[in-house]
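>>> What would the 3D arrangement of this be:
(one chain, ligands or ions: 2)
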Amino acid sequence: MSCSIEKELVEKTIAFHGHSCPGLAIGIRAAELALQKLGHPEQSDLVAIVETDMCGVDAIQFLTGCTFGKGNLIHKDFGKMAFNFYDSRKNIGFRAVLCPDISGNAGLELRSLSRKVAIGTAHGEEQVRYEELRRSLQDRYMNAELEDMFIIMEPAFPIPKPARVLQSLQCEACGEMTMESRTRRMDGKILCQPCFEKKEQKI
Ligand SMILES: [Zn+2]
Ligand SMILES: [Zn+2]
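Ligands and ions are numbered 1, 2, ... in the order given. This is a model prediction of the structure:
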């Protein structure tokens with residue numbers, strides 16, 4: 001079945017992200033899956049751990065209400081199209097990984113063209129093909145059955161604990177207040193991470 005999220009909400013998600021693209025479509029479908037399996041944000045305490053920082057994460061923020069600022073969106077820089085969702089109230093969760101077969105030959109072709117487009121060596125026809133492939137992949141993602149789109153498994157991480165409010169300490173080099181758990185110590189001085197790194201380079 002094609003995406004069950006109302007058209008208007010999809011449009012708003014595209015506006016939030018700034019453009020429409022295959023990556024965003026993946027995020028929209030992942031968010032749809034999360035809402036379907038765990039319920040709407042009002043009835044659950046949704047938490048997401050995303051293993052990518054690509055376009056799709058914007059759809060997850062917009063549609064599930066898991067945001068970076070609230071601390072219920074966590075990024076693991078693994079470069080994988082994989083999304084872990086939890087309801088911390090019910091203590092349940094799952095991991096959805098984009099099925100490698102879903103993108104098919106169009107995905108392979110797009111990947112090699114993307115490289116050319118990125119370094120500016122794609123000629124006119126290739127540019128047109130690139131746009132065409134992006135549109136067709138986006139349509140494929142938006143119309144696929146969710147079970148064909150994602151492989152679902154146990155979450156890769158335990159449910160994250162709610163963010164604790166920690167004390168701030170003053171960095172003894174730059175004087176800026178820094179969350180205690182992010183401070184470092186060198187020569188008996190409390191330092192923020194950038195100051196610590198600067199000093200460490202000099203050693
Ligand atoms: Zn995008
Ligand atoms: Zn500092």
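>>> Low-confidence ranges, this structure, go.
Counting by pLDDT under 70, the ranges of the chain that qualify are 163.
>>> Does the residue sitting nearest the centre point of it fall in a helix, a strand, or a coil region?
Nearest residue to the geometric centre of the chain (CA atoms, centre = their mean): residue 57, 3.2 Å. Classification of residue 57 by DSSP: H, G, I helix; E, B strand; the rest coil places it in helix.
>>> What residues does this structure have near ligand 2?
171, 173, 174, 192, 195 (CB under 5 Å from the ion). Yep, even glycine has a C-beta here, placed from its N, CA and C like the rest.
>>> Not counting sequence-adjacent ones, nearest residue to the residue nearest to the centre of the chain?
Setting aside the residues directly before and after it, residue 57 is nearest to residue 50 in space (CB to CB, 6 or more residues apart in numbering), at 5.2 Å.
>>> what's near enough to touch the one you found?
With contact set as CB atoms under 8 Å, 6 or more residues apart in numbering, residue 50 has these partners: 57, 60, 73, 74, 75, 76, 82, 83, 84.
>>> With residue 200 instead?
residue 186.
>>> Would you map the strands across the protein?
For the chain, strands defined by DSSP state E occupy the ranges 46-50, 73-75, 82-87, 92-98, 150-153, 168-170, 177-179, 184-186, 189-191.
>>> Please name every helix or strand in contact with the fifth one.
Strand 150-153 is packed against helix 22-38, strand 92-98, with contacts defined by 3 or more CB pairs under 8 Å, 6 or more residues apart in numbering; DSSP states H and E.
>>> at 10 Å instead, please
Using 3 or more CB pairs under 10 Å, 6 or more residues apart in numbering; DSSP states H and E, the elements in contact with strand 150-153 are helix 22-38, strand 82-87, strand 92-98.
>>> Kindly export it (C-alpha atoms) in CSV.
The C-alpha trace of strand 150-153 is given here as CSV (Å, rounded to 0.1, in the frame of the first residue of the first chain):
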residue,chain,number,x,y,z
PHE,A,150,12.2,-2.2,5.5
ILE,A,151,13.6,-5.2,7.2
ILE,A,152,12.4,-5.1,10.8
MET,A,153,14.3,-6.4,13.7
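>>> list the buried ones in that strand?
Of all the residues in strand 150-153, those buried under the rule 16 or more other CB atoms under 10 Å are residue 150.
>>> now do stretch 39-50
41, 44, 45, 46, 47, 48, 49, 50.
>>> So which of the contacts of residue 50 is the closest to residue 120?
Taking CB to CB as the measure, residue 120 lies nearest residue 57 of the contacts of residue 50, at 26.5 Å.
>>> Can you give me the distance of the closest one to residue 82?
12 Å (CB to CB, to the nearest Å).
>>> shared neighbours, the two?
Overlap of the contact sets of residue 57 and residue 82 (by CB atoms under 10 Å, 6 or more residues apart in numbering) consists of 30, 50, 51.
>>> Pull the contacting residues for the nearest residue to residue 136 once chain neighbours are set aside.
Residue nearest to residue 136 in three dimensions, not counting chain neighbours: residue 106, with 5.8 Å by CB to CB, 6+ apart. Residues near residue 106 by CB under 10 Å, 6+ apart: 22, 132, 133, 134, 136, 137, 140.
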